[in-house]
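Asks: Below is the sequence, then the predicted model.
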Amino acid sequence: MSETKLFESSFESLREYRCPDWFRDVKFGIWSHWGPQSVPMCGDWYTRNMYIQGTGQYNYHVRHYGHPSVFGYKDICRLWKAENFDPEELMDLYYQAGARYFVAQAVHHDHFFNYESKLNRFNSVQVGPMKDICGLWKAAADKRNMPFGLTEHLGASFSWWYVNKQCDSYGPYAGVPYDGNDPEYRDFYHDNYEHIPKDGKPGEMAPWLTPNKKFQEYWLAVMKELIDQYHPDLLYSDSGLPFEREAGYQPGLDAVSYLYNDSIRLHGENRAVYTQKNRSPEIYQVGVLDIEKSQLPGIAQDPWQTDTCIGNWFYDATQTFKKPGHIIEMLVDIISKNGTMLLNILQRPDGTIDDETRYLLGELAGWFKICSEGVYGTRPWRSFGEGDTRVLIQGFTENKTDWNSSDYRFVQKDGNLYAFLMAVPESKVSVIKSLTPDEKVKSAELLGAGKVPFAQSFGVLTVQLPEKMPTKYTNCLKLTFEK
């Protein structure tokens, strides 16, 4: 397909998509998964669980704000002020911490838009902050030449949020409808009675993506509004490709082609990335595969993305955060397999980050100063690594891996091989066994320390490491070969 030829809204046309080089080069991005659900500082899915009697978040809501029949999510939205939000300061921190693309949440399942919209009055310019959150993020990213992306979680909203139409089954408000039943706010809370389980228990999950055609049309209109206003370099759906096969109506394909064609008209070629969570090659080849809080076991032919977070998806005052070394090891393992990491940095409701998060970003910044050469612009080698240890591949599981000194992860760039030491050997002698006898090493450099002595026999490479390593986190050897 010619770079200037527009895409059609079909699988046949969109399978001609090729991931742009910028996405393959950046390797690490930061995400602001932030909105009114941060207000209680009580974690993810608050919008849903506050309407399910007996859950921890319901109990918190009732005891902190009042009953959801009286004080509902619309009222939480009005409490979100983002009064100390400073995107310029945060973007500086994120860039220093190694991020080379930035992604902002446009709309979560809560149906609240972080931008000025003609389609939804519950948006951040008209309710709560009175600011175009997405626009402010984009301006800060553009100033630093960072590709800018948006995430949409709207597709699941219609069925996911039917719980606001229910009521308590016991207690002082038993039988009193939650505020999602108020006709004045039906446009915000959705007219989604069709998804209330007839015989199921309260809070039972409905289908993730609704068959309701009117909502599907609305979803597509929102996607076009986002693309027209922000021309994102990346658009992420928190689902598979939404509504991809709807009896001749295909809003998912329409949205993806609209994104790519907008980029072609703007740049003369497609520079946009669409990420979604379908594992079927038939579907995900219209864009880039995204894997939430997990990854792939080996090198993939096509680029892909892991989206993850330092704690919970929204700020949770009780949550334990990942440590810097854990995040770095995850990143290294992911890029060795042709992947990219998108990391959510949690913001409090006022827009600030806490001290622990600042520390984490500072540690990442220090590591990237030493090892960034082995990250940006690299490509997978013939093997992603060697050694005894593998990351546990299990959905939504990110346990810290117990690496040992046999473990390396490899990438390549400009004819050089970068070997990340997942654990430093006590002997301070690094042994790499994956080279062939024909791959004769000309020089070995430990990033951050300079040239180091080495010996090679029958392909096996031994490298003498210094007593003091450049970083307390994952170190990296740069190997240059004789031509």
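Replies: Here it is on my side, so go on.

Asks: Give the helix, strand or coil label for residue 356.
Replies: Recorded secondary structure, residue 356: helix (DSSP: H, G, I helix; E, B strand; the rest coil).

Asks: residues near it, how many?
Replies: Counted by other C-beta atoms under 10 Å, the residues lying close to residue 356 total 14. From N, CA and C alone the C-beta is placed, and that goes for glycine too.

Asks: Does residue 291 touch residue 308 like I think?
Replies: No - counting by C-beta atoms under 8 Å, residue 291 stays clear of residue 308, with 9.1 Å between them.

Asks: what about the two, which has more around it?
Replies: Set residue 291 next to residue 308 and count neighbours by other C-beta under 10 Å: residue 308 wins out with 23 against 20.

Asks: thought that one was touching residue 343?
Replies: Yes - if you go by C-beta under 8 Å, residue 308 and residue 343 touch, sitting 6.0 Å apart.

Asks: phi, psi of the most centrally placed residue in the chain?
Replies: Nearest to the geometric centre of the chain sits residue 307, at 3.2 Å (C-alpha atoms, centre = their mean). When quoted as degrees, to the nearest 10, the phi and psi of residue 307 stand at phi -110, psi 130.

Asks: Any idea what the closest residue to it other than its chain neighbours is bridged to?
Replies: Take residue 307 and drop its neighbours on the chain: the residue closest to it by C-beta to C-beta, 6 or more residues apart in numbering is residue 342, 4.6 Å away. Judged by DSSP bridges, the bridge partners of residue 342 are residue 29, residue 307.

Asks: Residue 342 is in contact with residue 304, isn't it?
Replies: No - Residue 342 is not in contact with residue 304 according to C-beta under 8 Å; the separation is 11.0 Å.

Asks: if you count what's nearby, which of these two comes out ahead?
Replies: Taking neighbours as other C-beta under 10 Å, residue 342 and residue 304 compare with residue 342 leading, 26 against 20.

Asks: so what's the more buried one up against?
Replies: 29, 30, 31, 103, 305, 306, 307, 308 (C-beta atoms under 8 Å, 6 or more residues apart in numbering).

Asks: One more pass at 6 Å, please.
Replies: Shown in contact with residue 342 (C-beta atoms under 6 Å, 6 or more residues apart in numbering): 29, 31, 305, 307.

Asks: swap in residue 311?
Replies: Per C-beta under 6 Å, 6+ apart, neighbours of residue 311: 319, 321, 346.

Asks: Leaving out sequence neighbours, find the closest residue to it.
Replies: residue 319 (4.0 Å).

Asks: Next one: that neighbour, what pLDDT does it get?
Replies: pLDDT for residue 319: 94.

Asks: so it makes contact with residue 312?
Replies: Yes - in this structure residue 319 lies within contact range of residue 312 using C-beta atoms under 6 Å: 4.8 Å.

Asks: Thought residue 276 was touching residue 237, still the case?
Replies: Yes - taking C-beta under 6 Å as the definition, residue 237 is a contact partner of residue 276 at 4.6 Å.

Asks: if you count what's nearby, which of those two comes out ahead?
Replies: residue 237 (26 against 23).

Asks: burial count for the nearest residue to residue 98 once chain neighbours are set aside?
Replies: Nearest non-adjacent residue to residue 98, counting by C-beta to C-beta, 6+ apart: residue 368, 3.7 Å away. The number of residues packed near residue 368 is 22, by other C-beta under 10 Å.

Asks: Residue 368 in helix, strand or coil?
Replies: Assignment for residue 368 (three-state DSSP): helix.

Asks: could you measure it against residue 385, distance?
Replies: 20 Å (C-beta to C-beta, to the nearest Å).

Asks: Equivalent analysis for residue 251, please.
Replies: Taking C-beta to C-beta as the measure, residue 251 falls 41 Å from residue 385.

Asks: Then residue 430?
Replies: From residue 430 to residue 385 the distance is 14 Å (C-beta to C-beta).

Asks: Would you map the helices across this structure?
Replies: Assigned by DSSP state H, the helices in the chain fall at 11-14, 21-26, 46-49, 56-64, 73-79, 87-96, 133-143, 157-160, 186-189, 213-230, 251-267, 281-284, 324-335, 355-371.

Asks: Can you tell me what sits against the first one?
Replies: To tie it back to what came earlier, the one meant is helix 11-14. 7, 256, 286.

Asks: Let's test this: name the helix or strand in the chain with the lowest mean pLDDT.
Replies: Using mean pLDDT, DSSP states H and E, the weakest-scoring helix or strand in the chain turns out to be helix 281-284, at a mean of 72.
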